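> sequence unknown, structure follows:
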């Protein structure tokens, strides 16, 4: 599907040490590293896809690696953190005020050969290498010799992308000198750009995950969208829920699209549920989904719930009317 200016964001819940929504974390040999949070912004315009990836990592030492498969040759650069701030502002739940006249005070909750090194670039503390591989063993040997520790269960997922003649982005994640000898916390965003005919978010590496994988996709375009298996209109084998959909109002986001769709995906058993990569298709309608946080506003008079006072006054007035009516009847 051709979609001008489509923009997608993925946020992944913490998973096993080497699981990552778009690829795989490769810690330094003999160590472990865990992705504690992941956000990726993906845009597709004029035949070029751009992924801006932001990770928070917890590693025993100051270096780790990231392997991301791409369908064509990718270029690497620094990402813009402001995009993530704008997305947060766009989707923060609005307040819906409910007047409480009765003093309930309840606030409801809202619902074979070595790989070819195509390019290598240094981005601050990050070193990114684009690789073209034709053999899983050759790729694995290169990764090992260059300090990327890819365990067997993750390495086994590389072959599916080699078979499709995809390439790989290998990024060394290095902690800031001021952060100490441990790689921990959020890292500067990485931007990965490559030509492609349609949006694809590489999910196949996450098949190696041994625990539940949760993703949040924020898609900006001209219309509301759904997700499907890449290259088809077939539904994903996952729990998918639209949690926000509507017109874009944040000025940082409006150049990227006029309509935002936020979808939550959950793979309870990735090894069986993840059968390919994620694609985006247009939804059948542009219905708005705009959840609200309900805020109860007490309506009081002199510290008492006004509804209760009015009810008491009405009862007293009615009682007085009855008394007057009876008295007049007796006088007659």
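Done, it's in. Not measured: the values here are computed from a predicted model.

> can we go C-alpha only for contacts and neighbour counts from here?
OK.

> For residue 236, which residues are in contact?
227-229, 278 (C-alpha atoms under 8 Å, 6 or more residues apart in numbering).

> ditto for residue 133
Residue 133 is in contact with 113-116, 139, 162, 165, 167-168, counting by C-alpha under 8 Å, 6+ apart.

> Quick one, which of the residues you listed are buried?
114-115, 139, 162, 167-168 (16 or more other C-alpha atoms under 10 Å).

> Out of those residues, the closest to residue 82 would be?
Taking C-alpha to C-alpha as the measure, residue 168 is the one of the buried ones among the contacts of residue 133 closest to residue 82, at 26.6 Å.

> Touching, the closest one and residue 75? I think so.
No: counting by C-alpha atoms under 8 Å, residue 168 sits too far from residue 75 to count as a contact (10.9 Å).

> shared neighbours of these two, anything?
Common contact partners of residue 168 and residue 75 (C-alpha under 8 Å, 6+ apart): residue 130.

> doesn't residue 98 fall inside a helix?
No: under DSSP: H, G, I helix; E, B strand; the rest coil, residue 98 falls outside any helix and is assigned strand.

> Low-confidence regions, the stretch 101-250 of the chain specifically.
Confidence mapping of the stretch 101-250 of the chain against pLDDT under 70 gives the ranges 101, 103-113, 125, 173-187.

> residue ranges for the strands of it, please.
All strands of the stretch 101-250 of the chain, identified by DSSP state E, counting those that start in this stretch, fall at 116-123, 126-132, 167-174, 184-186, 190-195, 213-221, 225-229, 239-247.

> And the last one, what's buried?
Of the residues in strand 239-247, those buried under the neighbour-count criterion (16+ other C-alpha under 10 Å) are 240, 242-247.

> how much space is there between residue 153 and residue 266?
21 Å (C-alpha to C-alpha, to the nearest Å).

> quick one: which of these two has more around it?
Per other C-alpha atoms under 10 Å, whichever of residue 153 and residue 266 has more neighbours is residue 266, with 19 against 14.

> Break the protein into its domains for me.
Listed by automatic domain parsing, the domain ranges of the chain are 6-92+112-286, 299-331.

> now those domains in JSON lines, with distance to residue 98?
Formatted as JSON lines, the domains of the chain follow (distance: least, C-alpha to C-alpha, whole Å):
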{"stretch": "domain 6-92+112-286", "distance to residue 98": "19"}
{"stretch": "domain 299-331", "distance to residue 98": "10"}
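
> of all the ones you listed, which lies closest to residue 99?
Nearest of the domains of the chain (C-alpha to C-alpha): domain 299-331, 6.3 Å.

> What residues of the closest one count as buried?
299-300, 305-307.

> same check, this time on stretch 267-275
For stretch 267-275, by 16+ other C-alpha under 10 Å, it's 267-268, 270-271, 274.

> what mean pLDDT does it have?
Over the span of stretch 267-275, the pLDDT mean works out to 89.

> what's in contact with that stretch?
Here stretch 267-275 has contacts from 203-204, 206-214, 237-239, using C-alpha under 8 Å, 6+ apart.

> For residue 97, give me its contacts.
294-297.

> quick one, which of the domains of the chain is packed in tightest?
Among the domains of the chain, domain 6-92+112-286 has the highest mean neighbour count (mean count of other C-alpha atoms under 10 Å), at a mean of 20.

> For residue 102, find the nearest of the domains of the chain.
domain 299-331 (5.1 Å).

> Report the distance from the closest one to the chain centre.
Relative to the chain's own centre, domain 299-331 is displaced by 57 Å; criterion: C-alpha atoms, centre = their mean, to the nearest Å.

> Quick check: bridge partners of residue 295?
residue 97 (DSSP bridges).

> what pLDDT does it get?
Taking residue 295 on its own, its pLDDT is 79.

> Now for it, how many residues are close by?
Neighbours of residue 295 using other C-alpha under 10 Å come to 18.

> Quickly name whichever of the contacts of residue 236 is closest to residue 93.
Nearest member of these to residue 93, counting by C-alpha to C-alpha, is residue 227, at 22.9 Å.

> Cross-check the contact I'm expecting between that closest one and residue 279.
Yes: Residue 227 is within contact range of residue 279, at 5.8 Å (criterion: C-alpha under 8 Å).

> could you redo the contacts of stretch 267-275 as TSV and give each row distance to residue 197?
Below are the contacts of stretch 267-275 laid out as TSV (distance: C-alpha to C-alpha, whole Å):
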residue	distance to residue 197
203	18
204	19
206	23
207	24
208	27
209	29
210	32
211	32
212	30
213	27
214	26
237	24
238	25
239	27
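
> Closest one to residue 158 out of those residues, please.
Among the contacts of stretch 267-275, and counting by C-alpha to C-alpha, the member closest to residue 158 is residue 204, at 8.6 Å.

> Apart from its neighbours in sequence, what residue is nearest the closest one?
residue 276 (5.4 Å; C-alpha to C-alpha, 6 or more residues apart in numbering).

> helix or strand for the one you found, which one?
Residue 276 is part of no helix or strand, with elements assigned from DSSP states H and E.

> how near is it to residue 217?
16 Å.

> With that, I have no additional questions.
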